[in-house]
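Q: Requesting a structural model of the entry that follows:
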Amino acid sequence: MALLMVHLLAAQRWAHRHTEYLNNPDFYLGVISPDAIHVRDHDDKSHKDEIHLYNWRQVRPEYVQAYWQAHSAPFDIGYGIHVLTDGQWVAAYRERFPQPFLPDGKVDTHVYYHDTFLSDFALYDDDGKENGLFALVAQGRAPSDHPLLREYELVEWQHMMLNAYREGCRETGVPEYIDKAFCLEFLDRCQSTLDEVYAQTFKSEKQTELL
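A: Next up is the predicted model:
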């Protein structure tokens, strides 16, 4: 999965083209919220694909479209942007970097998290501290009636992530494969799919408004 700053920056870039979300705190809380399943399950990832609308390792737009058709508040739009980003992230780094994968096809988590934490905190140091994203996340309000996650899980994850980035990176050294340059390239690469799924979901609604 992509880490917090990749998700927030990908969402922010997308929101520059959908400005009703650009400075919306609930949108950015939604952007980080699918990973709140870790509050419930900790390191058990058996429910993670379900909570990620079956987009955790691959893009399956039909599930995001169905979710958005039923839930379209700013929080929910952010939630869908997160899972679509994750679905693209796995394919992108697997294509570029076969090295972190073990013979059984699973990722070497030691290598992967060493790289991604270092790269994500580099993005935080460059962008996250100054551009107001974390202030927006902090202001976001978790819904009380989310269909997949409980309100207390969303709130606890919000606080956990804000505190974790303020405390600083737990890894040392330099990334071996997944570096900041790769992350920045990915931020541009993922945008077209985000646009396409959003446009397809709400196309009929916009056409009706024009009639």
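
Q: so where do the helices sit in this structure?
A: Here the chain has its helices, by DSSP state H, at 4-15, 25-32, 37-41, 48-51, 61-70, 74-96, 109-123, 133-139, 151-167, 180-189, 191-210.

Q: Now do the shortest one: distance to the chain's middle.
A: In other words, helix 48-51. Computed by Cα atoms, centre = their mean, to the nearest Å, the chain-centroid distance of helix 48-51 equals 13 Å.

Q: What pLDDT is listed against residue 128?
A: We note a pLDDT of 60 for residue 128 in this prediction.

Q: Tell me which of the helices of the chain sits most buried.
A: Stretch with highest mean neighbour count among the helices of the chain: helix 25-32 (a mean of 26; mean count of other Cβ atoms under 10 Å). Quick note: C-beta positions are derived from backbone N, CA and C, even for glycine.

Q: helices and strands around that helix, which ones?
A: The contact analysis (3 or more Cβ pairs under 8 Å, 6 or more residues apart in numbering; DSSP states H and E) places helix 25-32 against helix 4-15, helix 74-96, helix 133-139, helix 151-167.

Q: quick one on the thing from earlier: for the helices of the chain, which one sits closest to residue 173?
A: With Cβ to Cβ, the closest approach to residue 173 among the helices of the chain belongs to helix 109-123: 7.0 Å.
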